[in-house]
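Peer 1: Have a look at this fold, sequence not included:
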């Protein structure tokens with residue numbers, strides 16, 4: 001799936017020769033949003049995981065965590081990325 005998405009979005013990607021491929025695990029949450037949380041259970045602990053396209057959002061989510069730890073306003077509200085969102089699911 002990732003290769004198909006990349007082929008749609010990166011010019012010339014589909015024409016690259018495929019020498020071999022591997023199956024692997026891509027960490028992704030059920031709702032497709034990453035977990036970006038600075039207080040999941042212990043002060044000082046941060047979780048920044050579950051990014052399907054981590055190389056595209058890694059810098060942004062890292063900035064969000066850095067902003068949270070330094071008491072700056074995050075670029076996006078972090079509530080929608082909280083680990084606690086899974087505790088209320090059926």
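Peer 2: Received the coordinates, thanks. If you're wondering where the values come from, they're calculated on a predicted model, not measured in any experiment. Numbering: from 1, shown residues only.
Peer 1: and the longest helix along the chain, what's its mean pLDDT?
Peer 2: The longest helix of the chain (DSSP state H) is helix 54-69. For helix 54-69, mean pLDDT is 81.
Peer 1: is it fair to say residue 7 lies in a helix?
Peer 2: Yes: when DSSP: H, G, I helix; E, B strand; the rest coil is applied, residue 7 is found to be in a helix.
Peer 1: Need the pLDDT of it.
Peer 2: Value listed for residue 7 in the pLDDT field: 82.
Peer 1: Kindly report the same for residue 90.
Peer 2: 56.
Peer 1: same thing with residue 42?
Peer 2: pLDDT, residue 42: 78.
Peer 1: tell me the SS of it?
Peer 2: coil.
Peer 1: tally of neighbours for residue 61?
Peer 2: A count of nearby residues for residue 61, using other Cβ atoms under 10 Å, gives 22. Every residue, glycine included, has its C-beta placed from N, CA and C.
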